[in-house]
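**Q** My questions concern the predicted model and sequence given below.
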Amino acid sequence: MIELLKVWITSITIAVFFITAVEMILPDNSMKKYSKFVLGLILIVVIINPIIKVFDKNFNLNSYSDKVTSYMETGTSEADIKKYKDSNILNTSENFKNNLEKDCISNIEEVYPENKYNADIQIVYDSKNGVFNIGSVGIEVVGLGVKNINNIEINVKSVSAPQKDILKGNEGNKIKKLISSKYKISNDVITVYKSNS
């Protein structure tokens with residue numbers, strides 16, 4: 001028992017000297033706090049290793065580290081990281097799109113309250129620069145009045161979708177200019193239309 005205590009205290013002392021030496025040679029930059037964190041984890045492992053062995057005689061820290069190393073080397077981790085990264089990009093893109101559409105509608109209705117508006121914004125992820133860009137903006141102007149009803153055809157096999165009339169006049173240009181200046185995007189990617197339902 002005394003021999004185990006002697007080995008434990010020696011291990012802690014060596015770990016403390018090692019950690020102190022490493023901290024002394026670390027440069028003062030943003031990596032220093034991360035290095036201190038890792039060194040602190042090493043010290044915690046050295047301290048609790050004998051305590052864990054009291055409860056689990058077969059505990060071997062090396063076997064766990066070997067499992068982690070083999071997991072990292074097999075490439076499984078790279079596939080998992082890619083899967084999580086793709087999922088994260090998709091979720092971020094969807095949230096960005098939804099928030100941007102709501103903000104866009106709110107800004108237009110604040111300046112031009114005479115109509116209601118819908119927005120359809122396409123988000124494109126630039127993997128080279130790691131940023132999300134606005135690919136296209138579609139703004140639908142919905143009048144507050146009563147909508148015209150299209151002719152209804154019975155006994156027809158096909159169904160026609162609502163038509164969209166692009167607003168090219170002053171009304172469309174005002175909305176384009178507002179969106180372009182607010183979000184710093186080109187007028188070319190913005191389409192303003194009035195839907196005929």
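**A** Nice, thanks for sending it over.
**Q** For the host helix or strand of Ile134, buried residues please.
**A** For Ile134, the host element (DSSP states H and E) is strand 131-143. Buried residues in strand 131-143, counted by 16 or more other CB atoms under 10 Å: 132, 134, 137-141. Where C-beta positions appear, they are placed from N, C-alpha and C, glycine not excepted.
**Q** same deal with stretch 92-106?
**A** Those would be 97, 100-101, 104-105, for stretch 92-106 by 16+ other CB under 10 Å.
**Q** and this protein, what are its domains?
**A** 2-59, 96-149+160-196 (automatic domain parsing).
**Q** Can you say which of these is packed in most?
**A** Ranked by mean neighbour count, these are led by domain 96-149+160-196 with a mean of 14 (mean count of other CB atoms under 10 Å).
**Q** give me the element Lys116 is part of.
**A** strand 115-126.
**Q** Extract the CA atoms of that strand and return them as PDB.
**A** Only the C-alpha atoms of strand 115-126 are listed here, as PDB (Å, rounded to 0.1, in the frame of the first residue of the first chain):
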ATOM      1  CA  ASN A 115     -49.800  45.900 -49.100                       C
ATOM      2  CA  LYS A 116     -48.900  42.600 -47.600                       C
ATOM      3  CA  TYR A 117     -45.700  40.800 -48.700                       C
ATOM      4  CA  ASN A 118     -44.200  37.300 -48.900                       C
ATOM      5  CA  ALA A 119     -40.500  36.600 -49.400                       C
ATOM      6  CA  ASP A 120     -38.700  33.700 -50.900                       C
ATOM      7  CA  ILE A 121     -34.900  33.900 -50.400                       C
ATOM      8  CA  GLN A 122     -32.400  31.400 -51.700                       C
ATOM      9  CA  ILE A 123     -29.300  31.000 -49.600                       C
ATOM     10  CA  VAL A 124     -26.000  29.700 -51.100                       C
ATOM     11  CA  TYR A 125     -23.200  28.400 -49.000                       C
ATOM     12  CA  ASP A 126     -19.700  29.400 -50.200                       C
END
